[in-house]
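Peer 1: what's the 3D shape of this:
(4 chains)
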Amino acid sequence: MEVKGIVSGYGRGDIVKGVDLAVGQGEIVTVIGPNGAGKSTMIKTVAGVVPARSGSIAVAGKEISGLSASEVARRGVAYVPQEANIFRSLTVRENLEMGAWVLPEKQAERLEMVYGFFPVLRERRDRRAGNLSGGQRQMVALGMALMVDPTALLLDEPSAGLSPKLVEEMFEIIARVNQAGVAVLMVEQNATQALKMSDHGYVLAGGQVKFSERADVLLNHTEVAELYLGVQG
Amino acid sequence: MLQVLFNGLVTGAILAPGAIGFTLMFGILRFPNFAIGAYITIGAFAILFFDQVAGWHIALAMLGGIAVTALVVWLTDLVVFRPMRQFPPISLLVVSIALSLILENVIRFIAGNDVRGFDIPLTRPVKLSGLMFTSEQLYLIALAVAAMFAMHAILKFTKLGKAMRATADNFTLAEVRGIDTDKVIAATWLIGGALAGLAGFLAGLDLVIEPLIGWHLTIPVFAAAILGGIGSPYGAMAGAVLVGLAEEMTALWFDPAYKVGVGFVIIAVLLLFRPQGLFGQPEIKK
Amino acid sequence: MKSAISRRRLLGTSAALTFTTALLPRLALGSAPISVGSLTPNTGGGGPFGPNITAAHKLVAEMANAKGGVLGREIALHQENSETNPETAIRAARKLVDVNKVIGVLGTWSSSVTLGIMPLCQEANVIQMCTSSSANIPLKDKKGLVFNFMVLSPIWGDALADLALRRGYKTYSVMALNNDFTKSMVDTFVDKVKAGGAKVSNDPFYYNGGQSSYRAEVSKLIADEPEAVFIPSYVTDFTSVYKELFRQGYEGKVITVSISTGSKFKKVVGAAADGILHGLPAPSLASAAYKDYLKFAGLKDTGAIQHPFGTAGHDQMSVLLLAMASAGTDDVAKVREHIHKISNGPGTAVTNVLDGLAALEAGEEINFSGASSDVDFKSPSGVLKSRDFVLWEIKDGKDVVIETIASAS
Amino acid sequence: MLSYLISMTTFVGFFMILALALNLQWGMTGMVNFGIAGFYALGAYTSGLLTVEAGWPFLFGVAAAAVVGLVFGVALSYLSVRLRDDFLAIVTLGFAELVRLFALNEDWLTRGPRGLPIDVRPLSGVFDRDGYAIFYLGIVASAVLIAFLVNERIRRSPYGRAAKAIREDDVVAEVLGKNVLRIRIQIFGLGALYMAVAGALYAHYTQNISPDHFTPVVAIFIWMSVIAGGAGNNKGLLLGAGLVMMFLEGSRFLGEFISFMDAEKASAIRIILIGVLLILVIRFRPQGLMPEERFKGPSEI
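Peer 2: Below is the predicted model:
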């Protein structure tokens, strides 16, 4: 996935002011940055939820900027929003079925795969998703995204609001999904943990990329560590 | 007392299809569509047309009328609401009021103000251990219950129905997941329109058909939908029966002159103290 | 003095008329038309009746115009819809009065509209002709410009109570549509049946039109199983109410006003309508005026009362036009006097505008009797002296006359 | 024709006051009110009853109407804090209907459907008919002018900008230290006061009121005025009110050209036209004919 010079925002001002980034096949790429840096808007722009005002977004060489969110989903790019990322009033199973809307013929097969990733969801498949615990809700959200057999996942703060133990679990799941050959682009507050499992990292501030490095390099970068990883120099 | 409950049930049965239709549309389109009353009127007149002008059997006329109403309602979306999808709810509310003025007067233009009724003879009641009812009232309840079950089946067991629930639950996520929201919206209008058509039939059976028949049902229908928890079809059904009961009781034990205010009072009290409705889940602040 | 001036003006006009006619021989009616306003309830509560009134006004005006108009001037009819809503009606009346300069506003139906436009009509010295029943109307008509073609509603209550008592019913329940028309009717009805030794078993109550059901109201009404129920109402709500009464198995007598039981009502409820007693101030269906009306309106004589308000509309326009012809002027004060003169007589009896105009032209005095009533007004107020009150029972889907009461008012 | 124009202008004046009131509540502060007819009726009946039954002079009646409008407005404004826009629309509509039902049913006070004749008018003996029409237009016009100036004053003041901040986002406004509840109550109350005063002036102008005068249709016309003119723009909605009245009444003159149609059909067509026009304005001119003026620079929050 190649993102070049995207600009986007709400209302009159721009929030994302020309961001370039790239996600290689099968890679995990993490974007970190302070609050208000435009991380979330950036990922929404890639997902087609917020329209890009300029710049290009290409997946496997094909341009997807300007497409609506549902068209982006059809192209195998599955976005998981940070909040309100499940259908609360539907059962777990119905949620997953909705995930397979664009790929109905593979629904049964994908459902087995997702249950394989998250056995607990199979147990609770007839429960209302809104009544599940926070961790299980995230599993539903992620599972729904996986139903389309995506080539890339876009995750907006997948660990937000989870207990430390669950955060650990979440990252493990993401790693497993990634090992199955899905590229991951995520935005994270838990920067250190996220970078540890990533191939590449970006630091976003003021709507622009401040640093772009291999994840391990970024982790040891003193300035980044001080400013964005909460490590005292 | 049993009789009062039954009467409330009959009124509820008349309100229920309209309330479900209203709440379905609200769930997905996120504005209170005031034209629901005009849709009901269209239903009553379309059925009347097939019944009296075309001379069809009443059951056939009902189905034909329901189909016509569904189509007209869907057309109002294509022509009026669709280009304004992103407008704030209050603008759409005003638009829907204007639309209901238009539809009501198109009917008046064609059919005039006269009172009319379906070609069904009135029947005397049957008395059964203190309960009094007529065969039409049983049909009426049966039709409303059938519509309820049909709605339940659609929402629960069909892919489109589930997608409707999903879209009502979380529109953005539905788009993100690639659900064809245009198709879902079209289905919502068609189904909502069909329910309004049925409501037109039920109201026409019970009341008198004239250009304002649906307008008179608008506020009770709103009240039923809000009472049941807006966006929740099952709640709307229960809400309809409760509004029916509340109206009956006000007229019996308070002052009939204030009956038409009951719907409003229910709405106000409920919205203030339990905005999610009696049966709804609290809405998460986004 | 004033009449002298207007006569002089009239002479002047006719001189000018001859002059212009000479110049432009093709302009048959050279002088300005006489404007008449029609303000009828074409939508809203009066919707089932308004269009008949409008059509009747138009019919009479066209008949007169076809014969060369009145006073040699064309009648220009300006029609507006009151929407049965005084807020709208006031502005419509303003337009009629201030723009069209009408001599009269005819056809208002609900009392709230008639009363609503009265201040501005009185101020502008414009005649009003209405079919409204509020007792407030004569009280507020300070200039004697309002002519009411309907008797006030207490008279209805009185006549219907008489009928009920003579039929021998001993217990009654009463409910009514909540409006001005019914309120005074209920009061007189209740007083009268009580005075007649019968019992009103419920506390009379009112309901609003446009409800989603009338079940509870009907249950409440018949809870004490009265021998008869009295329900003053309009056709729209009464149809729903009656369906409900029937479905709740009420076997007693239903008494109401005939405006609720017209042909459309009978079509909706079918055979179930049999047995309803109803009454209305109406001409005898055999009267020449009523037959004329049916002919002009292109209706068949069905033996049932048709166009209860359309007939009044016919009479309003006829009376106004004949009064102008009789007065020889469109000066309001004179026309007002002549309205009394031609409607009360004495003179040749006429029942339509054509005969009337012809008789006046022949120099006769006339006494107009209308399709809705004999049209005799009390003086100085424009309240009908009397109107025959006809009582019917519906039998086999048809109105059968039981009796006719000459009501004094 | 002149006296017709004078009386129509007077009617436009009532609409303008109502529209200015709605602009305070909705255009400037974002509070929905579909209960306009309710406040209008309260004002009309308050002044009408006090002058007719209790013999108060005109000015006192109008002042009492203002107070009653304010009281009910303040009471109802508490709802605006708790309800979403569209729900508030339904609840306020319900308020208006309850007021109308009260006026209809409590005839011991309001004379119910029989209507209340009001013959009290200021300086009624001084002028002739035409002169009085101009005089009364003057009264209404001054009321419009006062309301307009007050609105403009508010709009330009820091208070008005706070109100606007509430309209845009009341949470943000709260964070910025605005007393959201107080501003909402004050603005809604002031708007209700305008409406009641308009009602009182209307009552003494028409000299006969009944519950039928105060149907929800009034609210629809006023919303049309504000939407057509431009929410938030006081000048725009004066234009809007004028246009709505012109359209409502102007379509009467159209009637003369479609006289081949019977009256029932013609009036149906007229209402259809009104509906279509309203939808077209919202669709193609959502900001109204005169969009709200925006303040530039640091004063904007």
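
Peer 1: the strands in the stretch 51-200 of chain B, which residues?
Peer 2: For the stretch 51-200 of chain B, applying DSSP state E, counting those that start in this stretch gives strands covering B:126-128, B:131-133.

Peer 1: Might you list the low-confidence residue ranges for chain A?
Peer 2: Low-confidence segments of chain A (pLDDT under 70): A:228-233.

Peer 1: I should have written chain D there, sorry.
Peer 2: D:175-178, D:254-263, D:294-301.

Peer 1: need the residues of it near chain B, please.
Peer 2: D:32, D:79, D:82-87, D:89-91, D:93-95, D:97-98, D:101, D:104-105, D:220, D:223-224, D:227, D:264-265, D:268-269, D:271-272, D:274-276, D:278-279, D:282-283, D:286 (C-beta under 8 Å from any C-beta of the partner chain). The C-beta positions use only the backbone N, C-alpha and C, and glycine is treated the same way.

Peer 1: For those, which ChimeraX command selects only the ones that are buried?
Peer 2: If you want just the buried ones from the residues of chain D next to chain B in ChimeraX, going by 16 or more other C-beta atoms under 10 Å in any protein chain shown, the selection is:
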select /D:32,79,83,85,86,87,89,90,91,93,94,95,97,98,101,104,105,220,223,224,227,264,265,268,269,271,272,274,275,278,279,282,286
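
Peer 1: Intersect the residues of chain D next to chain B with the contacts of chain C.
Peer 2: Among the residues of chain D next to chain B, chain C is touched by D:101, D:104, D:105, D:264, D:268, D:271 when using C-beta under 8 Å from any C-beta.

Peer 1: quick one: contacts for the closest residue to the last one other than its chain neighbours?
Peer 2: Once its chain neighbours are removed from consideration, residue D:271 has its nearest residue in residue B:105; the separation is 4.6 Å (C-beta to C-beta, 6 or more residues apart in numbering or on different chains). With C-beta atoms under 8 Å, 6 or more residues apart in numbering or on different chains as the criterion, the residues that contact residue B:105 are B:211, D:268, D:269, D:271, D:272, D:275.

Peer 1: Could you measure from residue B:105 over to residue D:124?
Peer 2: 40 Å (C-beta to C-beta, to the nearest Å).

Peer 1: Residue D:66 now?
Peer 2: Counting by C-beta to C-beta, the gap from residue D:66 to residue D:124 is 22 Å.

Peer 1: and if you look at residue C:174?
Peer 2: 42 Å.

Peer 1: So which of the two has more stuff around it?
Peer 2: Using other C-beta atoms under 10 Å in any protein chain shown as the criterion, residue C:174 and residue D:124 rank with residue C:174 on top: 27 against 14.

Peer 1: so what's the more buried one up against?
Peer 2: Counted by C-beta under 8 Å, 6+ apart, residue C:174 has contacts C:186, C:189, C:190, C:200, C:202, C:204, C:205, C:229, C:230, C:231.

Peer 1: Wait, residue C:187 touches residue C:154, no?
Peer 2: Yes. Taking contacts as C-beta atoms under 8 Å, residue C:187 lies within contact range of residue C:154: 7.3 Å.

Peer 1: Have a look at the two and say which one is more surrounded.
Peer 2: Set residue C:187 next to residue C:154 and count neighbours by other C-beta under 10 Å: residue C:154 wins out with 20 against 15.

Peer 1: Correct me if wrong: that one contacts residue C:184.
Peer 2: Yes. With contact defined as C-beta under 8 Å, residue C:154 reaches residue C:184; the gap is 4.9 Å.

Peer 1: Common neighbours of these two, please.
Peer 2: residue C:135.

Peer 1: Residue A:2 and chain D, how far apart?
Peer 2: Distance, residue A:2 to chain D, using C-beta to the nearest C-beta, to the nearest Å: 37 Å.

Peer 1: Leaving out chain neighbours, which residue sits closest to that residue?
Peer 2: residue A:58 (4.6 Å).

Peer 1: what about the one you found, helix or strand, and which?
Peer 2: Element membership for residue A:58, per DSSP states H and E: strand A:54-59.

Peer 1: what residues does that strand touch?
Peer 2: Here strand A:54-59 has contacts from A:1-7, A:18-19, A:45-46, A:63-65, A:75-77, A:151-152, using C-beta under 8 Å, 6+ apart.

Peer 1: got the contact list for residue C:314?
Peer 2: Counting by C-beta under 8 Å, 6+ apart, residue C:314 has contacts C:56, C:57, C:59, C:60, C:293, C:296, C:297, C:370, C:371, C:372.

Peer 1: Among the contacts of residue B:105, pick out the one closest to residue A:197, please.
Peer 2: Set against residue A:197, the nearest of the contacts of residue B:105 by C-beta to C-beta is residue D:275 (60.1 Å).
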